[in-house]
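Asks: Okay, sequence plus prediction incoming.
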Amino acid sequence: MSHHIVKATKETVHLGGFSHLLKPVISVNSGDTVDIETYTGFHVCEKAPPEFVTPALWDIYKNLSPERKIAGGPHLLTGPIYVEDAQPGDVLEVTLKEITPSLPVGFNVIRKNCGALPKEFNQPNLRFIPLDLENNVAEFPTGSGIKIPLKPFFGILGVSTIESSRNSIPPGNYGGNIDNRELQAGSKIFLPIFLPGALFSIGDGHSIQGDGEVNVTAIETSMNGTIELKLRKDLQISTPIAETPTDIITMGFAPTLDEAFEKALKNMIDFLVSCTKLSPEEAYILCSLTVSFRITQVVNLPQKGVHGMLSKAILPEGKGIAS
């Protein structure tokens with residue numbers, strides 16, 4: 001197995017979406033690990049404090065080529081990464097080994113006509129929030145004494161599809177802008193593959209986010225990570241599923257929360273039937289007894305997200321997605 005390093009530069013990032021037309025930044029073999037750098041805040045560079053805008057981010061902002069500006073989303077993503085021998089129908093297992101904020105500041109923005117309460121909070125507002133990386137907290141508002149423990153994760157983990165230009169805002173069966181705060185270091189996400197090589201991209205670092213991400217953003221943060229990419233030809237899934245040290249997570253994405261919940265529930269039933277000897281009805285009952293369904297996000301229109309959390313402690317020993 002090999003180890004790779006991918007820095008975020010104007011040659012290795014893309015803005016606003018996914019595209020299979022992009023040339024991969026590296027090719028890896030199944031089981032390889034990658035130290036990967038991501039930046040955020042492309043559209044706020046001119047308003048940001050000096051500690052937020054590194055020379056590399058400024059170079060990206062000023063010199064990113066039109067070919068790497070894919071669609072209208074706000075996200076800077078690092079990639080795509082080509083996985084050798086990956087074919088449509090396979091599954092990409094992404095292990096999130098380390099996730100660390102790279103700068104001592106992030107931002108939160110309210111956008112006009114966006115968020116869960118667009119009529120009540122309709123004035124755009126950009127705030128830069130200091131991060132105390134030594135103590136792993138952010139105080140907000142500054143001077144309030146309210147100190148929030150940092151729990152960093154990548155909001156976007158996704159693969160390319162047949163669309164040549166796919167906006168980075170809505171999540172889907174390809175992954176993308178999932179914004180699931182459970183996907184912290186030590187977790188895995190499994191993504192269905194649609195094209196040869198998978199063409200995986202990552203970004204949208206968040207230092208902390210509540211379920212729902214109600215005002216459109218978290219503490220948006222440039223983030224470094226170490227990931228392992230493994231090809232799974234023994235699995236068959238049609239939508240992302242994840243595993244943390246303690247839980248199995250199924251996901252649902254749809255225009256309404258009711259539809260997203262129904263998809264997350266059906267995906268959990270399918271998982272239970274496939275990994276145990278339960279009937280669908282028994283799995284449905286078990287979901288009612290033990291699975292907690294949570295709102296992932298309500299702002300990545302047109303898709304809202306719901307995820308189900310199943311404690312691995314109740315499963316027979318050794319049962320899980322990765323096993």
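Replies: That came through fine.
Asks: what about stretch 239-258, average pLDDT?
Replies: Here stretch 239-258 scores 98 as its mean pLDDT.
Asks: Can you dump the C-alpha atoms of that stretch in PDB for me?
Replies: Output in PDB follows, covering the C-alpha atoms of stretch 239-258 (Å, rounded to 0.1, in the frame of the first residue of the first chain):
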ATOM      1  CA  THR A 239     -26.900   5.200  -1.600                       C
ATOM      2  CA  PRO A 240     -24.300   6.100   1.000                       C
ATOM      3  CA  ILE A 241     -24.100   4.300   4.300                       C
ATOM      4  CA  ALA A 242     -21.600   4.900   7.100                       C
ATOM      5  CA  GLU A 243     -20.100   3.300  10.100                       C
ATOM      6  CA  THR A 244     -18.600   4.900  13.200                       C
ATOM      7  CA  PRO A 245     -16.900   3.200  16.100                       C
ATOM      8  CA  THR A 246     -20.300   2.900  17.800                       C
ATOM      9  CA  ASP A 247     -23.000   3.100  15.100                       C
ATOM     10  CA  ILE A 248     -24.300   2.100  11.700                       C
ATOM     11  CA  ILE A 249     -25.700   5.200   9.800                       C
ATOM     12  CA  THR A 250     -28.100   5.000   7.000                       C
ATOM     13  CA  MET A 251     -29.100   8.100   5.000                       C
ATOM     14  CA  GLY A 252     -32.000   9.500   3.100                       C
ATOM     15  CA  PHE A 253     -32.000  12.600   0.800                       C
ATOM     16  CA  ALA A 254     -35.200  14.000  -0.700                       C
ATOM     17  CA  PRO A 255     -37.000  17.300  -1.200                       C
ATOM     18  CA  THR A 256     -39.000  16.900   2.000                       C
ATOM     19  CA  LEU A 257     -38.000  15.700   5.400                       C
ATOM     20  CA  ASP A 258     -40.800  13.100   5.400                       C
END
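Asks: For it, buried residues please.
Replies: 239-244, 247-254 (16 or more other C-beta atoms under 10 Å). Placement of C-beta: from N, CA and C, glycine included.
Asks: What of stretch 77-87?
Replies: Buried residues in stretch 77-87 (16+ other C-beta under 10 Å): 77, 78, 79, 80, 81, 82, 83, 86.
Asks: Give the residue spans of the stretch 1-150 of the chain that score low on pLDDT.
Replies: For the stretch 1-150 of the chain, no stretch is flagged by pLDDT under 70.
Asks: And the strands in it, which stretches?
Replies: 3-6, 13-15, 17-18, 26-28, 32-38, 76-83, 91-101, 105-110, 125-130, 137-139, 147-149 (DSSP state E, counting those that start in this stretch).
Asks: Export the longest one to CSV, keeping only CA atoms.
Replies: So the one you mean is strand 91-101. Extracted as CSV, the C-alpha positions of strand 91-101 are listed here (Å, rounded to 0.1, in the frame of the first residue of the first chain):
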residue,chain,number,x,y,z
VAL,A,91,-18.3,0.5,-3.6
LEU,A,92,-15.7,3.0,-2.4
GLU,A,93,-14.9,2.6,1.3
VAL,A,94,-13.5,5.9,2.7
THR,A,95,-11.9,5.7,6.1
LEU,A,96,-11.5,9.1,7.8
LYS,A,97,-8.3,8.5,9.8
GLU,A,98,-7.5,12.1,10.9
ILE,A,99,-9.4,15.4,10.5
THR,A,100,-7.8,18.6,11.7
PRO,A,101,-8.5,22.4,11.2
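Asks: Starting from that strand, tell me which strands it pairs with and how they run.
Replies: Partners of strand 91-101 in the sheet, by DSSP bridges, are strand 188-192 (antiparallel), strand 223-232 (antiparallel).
Asks: So for that strand, what gets flagged as buried?
Replies: 91, 92, 93, 94, 95, 96, 97, 99, 101.
Asks: Tell me what angle that strand forms with strand 32-38.
Replies: 50 degrees (axes from the mean of the first three to the mean of the last three C-alpha atoms, to 10 degrees).
Asks: Scan this protein for its longest helix.
Replies: Scanning the chain for the longest helix, with DSSP state H as the assignment, gives helix 257-275.
Asks: Give the next helix or strand downstream of that one.
Replies: Sequence-wise, the next helix or strand downstream of helix 257-275 (DSSP states H and E) is helix 280-290.
Asks: which helices and strands sit right next to that following helix?
Replies: Judged by 3 or more C-beta pairs under 8 Å, 6 or more residues apart in numbering; DSSP states H and E, the packing partners of helix 280-290 are helix 257-275, strand 304-311.
Asks: tell me which residues form a beta bridge with the closest residue to residue 69 other than its chain neighbours?
Replies: Nearest in space to residue 69, with sequence neighbours left out and distances taken as C-beta to C-beta, 6 or more residues apart in numbering, is residue 15 at 4.8 Å. Applying DSSP bridges to residue 15 gives these bridge partners: residue 69, residue 76.
Asks: I figured residue 15 hits residue 67, correct?
Replies: No: at 10.5 Å, residue 15 does not count as touching residue 67 under the criterion of C-beta atoms under 8 Å.
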